[in-house]
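Visitor: sequence first, then the predicted structure, then my questions.
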Amino acid sequence: MVFRLRTILSALLLLATSAVAGAQATFYVSLTGNDASDGSAARPFRTIQRGIDLAHFVVAEGLYSSVERGVVLVGSGVFEQELPVRIKPHVELIGQGVYETTIRTTRSLPEGYVGVAMEWDCSMERIKVELPGRIAGPGTARLVLLDQAYAGPVRVEHCILDGGENPGPLFNGVESVGVEVIGGDCWSVVIGPCKIGGVTTGIRAIGSGVNITRVLFENIAGDAVVVLGPLAKQSGVTVPLLGCSDDLRNTGLNQFRNVGGLCINNMTGTEVRAEMNDWGVYDRDAVAGRIGGAADTGPFLGKGIGAGSVVASVLDSGSNPVPAFANPACTIPALSMTGVYDTESQRFVFNGVNEGQWNVEASASGYVGSSATVDVSSFTVSSVTLHLSGGGCGSAGGKAAYAGCAFLIWVAGRRRRGRPRPPKS
């Protein structure tokens, strides 16, 4: 009751103060702030939770009728607190960058350690979440817990989740998990781009169809992705989406590096779709050995990718990869870079592309060339799709026509060879 009264009074003060971000419902947090302040850029709060609570209250109570989200902007530094940060509905938590803003929770709860707990209709981005040194076991430590994802959209993007000194139970009896997500589907719950490392398990999906995309799993002691069946309160079996070759813009392109266990450990009977990923191994048998349970991993990337890589899809008018016999090519002219063709995925891979926006050009024999722009980040993998028109003998559906052209040329040659030569004069 005291907390709610305090929140109402603070909200009324904010509405009456010109320093407030106004209709944008934006609040600021800084290590030099004060929770008795108004949360403006000039007078920020000290704790992240204070900003979240007020942002949630303002939106939930309809104090800004035109605003659906409250934004909490967190400054640089390491923000330590005893209890987990809980991101409430209608709140976006945004840091200054993964190397600038860090959240560290110092006390474990009876049900285990939790760094950040996210409810529903909320998001977190540009933040590093880390465990506070060595945690005493036994128990479970979750860097991020999405325990209400079944109720609405949740996004974790451009974040680093670092287990640090708690990579696995062999060290201190603690099972550390990068993200545990319960429920939700691939349209509403998205993890990535992110980096997850130094933990026992990268992502544990419980009855969840979460879309896992552009995540770098690195230095995972156990399994990178564990897929479990639904809890008693959930209905039906839903499994994560790790990649769809038809939609590289929004799915796939995960990377697996130094994973001690399996890349995917699917403990349900439902197949996980996991196309267009870099499994850290580059032949079919080796990829199959990194998967437990039912999973569709093909096509997969047969070339290694990393932060700053670009994966380019060169497609025909039917959205099929332009066939190799048409000699497709893909370049970034401004950087004098030529993409390497990957026969496994039928895509082009550029590695080491400078951060920025670049023009990509594609061509193929018998096709009209095409170009598109791609935004390249030093934090993650980018993708671009180029559609070529035309085709003739080089069209995707024209292998028969191509063979027919070759046959006519052969026949014409036979006829020429069969003609009598005129006598020499």
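Guide: Right, received. Where do you want to start?
Visitor: what bridges to residue 228?
Guide: Applying DSSP bridges to residue 228 gives these bridge partners: residue 206.
Visitor: in this structure it contacts residue 268, no?
Guide: Yes: if you go by C-beta atoms under 8 Å, residue 228 and residue 268 touch, sitting 7.2 Å apart. Quick note: C-beta positions are derived from backbone N, CA and C, even for glycine.
Visitor: show me where pLDDT drops low in this structure?
Guide: Low-confidence segments of the chain, defined by pLDDT under 70: 1-24, 63-66, 136-137, 166-172, 232-237, 391-425.
Visitor: mind giving me the domain split of it?
Guide: Domain assignment for the chain, taken from automatic domain parsing, gives 1-75, 78-296, 310-405.
Visitor: just put those domains in CSV and tack on mean neighbour count and distance to residue 303.
Guide: Output for those, formatted as CSV (neighbours: other C-beta atoms under 10 Å; distance: least, C-beta to C-beta, whole Å):
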stretch, mean neighbour count, distance to residue 303
domain 1-75, 17, 37
domain 78-296, 21, 7
domain 310-405, 18, 4
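Visitor: looking at the ones you listed, which is closest to residue 304?
Guide: Among the domains of the chain, domain 78-296 comes nearest to residue 304, with 6.0 Å by C-beta to C-beta.
Visitor: what segments of the stretch 301-425 of the chain are strands?
Guide: Listed in chain order, the strands of the stretch 301-425 of the chain (DSSP state E, counting those that start in this stretch) span 310-315, 329-332, 337-338, 340-342, 347-350, 356-363, 367-368, 370-376, 382-387, 389-390.
Visitor: for residue 279, find the nearest of the ones you listed.
Guide: Of those, the one closest to residue 279 (C-beta to C-beta) turns out to be strand 340-342, at 13.2 Å.
Visitor: pairing partners for that closest one, with directions?
Guide: Strand 340-342 sits in its sheet next to strand 347-350 (antiparallel), going by DSSP bridges.
Visitor: which residues touch the strand it pairs with?
Guide: Residues from elsewhere that reach strand 347-350, judged by C-beta atoms under 8 Å, 6 or more residues apart in numbering: 276, 301, 303, 305, 309-314, 321, 328, 330, 332, 337, 339-342, 362.
Visitor: picking that back up, any chance of the strands of the stretch 301-425 of the chain in JSON lines, plus distance to residue 288?
Guide: Formatted as JSON lines, the strands of the stretch 301-425 of the chain follow (distance: least, C-beta to C-beta, whole Å):
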{"stretch": "strand 310-315", "distance to residue 288": "22"}
{"stretch": "strand 329-332", "distance to residue 288": "29"}
{"stretch": "strand 337-338", "distance to residue 288": "31"}
{"stretch": "strand 340-342", "distance to residue 288": "18"}
{"stretch": "strand 347-350", "distance to residue 288": "21"}
{"stretch": "strand 356-363", "distance to residue 288": "32"}
{"stretch": "strand 367-368", "distance to residue 288": "35"}
{"stretch": "strand 370-376", "distance to residue 288": "32"}
{"stretch": "strand 382-387", "distance to residue 288": "25"}
{"stretch": "strand 389-390", "distance to residue 288": "37"}
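Visitor: so which residue is dead centre in the protein?
Guide: Nearest to the mean C-alpha position of the chain, by C-alpha atoms, centre = their mean, lies residue 192 at 2.3 Å.
Visitor: does residue 365 touch residue 323 like I think?
Guide: No: judged on C-beta under 8 Å, residue 365 makes no contact with residue 323 at a distance of 10.1 Å.
Visitor: if I look at residue 25, how far off is residue 55?
Guide: Distance check for residue 25 against residue 55: by C-beta to C-beta, to the nearest Å, it reads 6 Å.
Visitor: quick one: the helices in the chain, in order.
Guide: 2-16, 48-60, 169-172, 284-288, 399-418 (DSSP state H).
Visitor: for residue 299, see how far away residue 323 is.
Guide: Using C-beta to C-beta, residue 323 is found at 14 Å from residue 299.
Visitor: ok, residue 241 next?
Guide: Note on residue 241: its distance to residue 299, by C-beta to C-beta, is 15 Å.
Visitor: equivalent analysis for residue 130, please.
Guide: Relative to residue 299, residue 130 is positioned 35 Å away (C-beta to C-beta).
Visitor: ditto for residue 269
Guide: Per C-beta to C-beta, residue 269 is found 24 Å from residue 299.
Visitor: for residue 214, same thing?
Guide: Going from residue 214 to residue 299 by C-beta to C-beta gives 17 Å.
Visitor: over to residue 46?
Guide: Using C-beta to C-beta, one obtains 50 Å as the distance from residue 46 to residue 299.
Visitor: for residue 159, same thing?
Guide: 28 Å.
Visitor: now do residue 109
Guide: Plainly put, residue 109 is 43 Å away from residue 299 if you go by C-beta to C-beta.
Visitor: same deal with residue 42?
Guide: Note on residue 42: its distance to residue 299, by C-beta to C-beta, is 53 Å.
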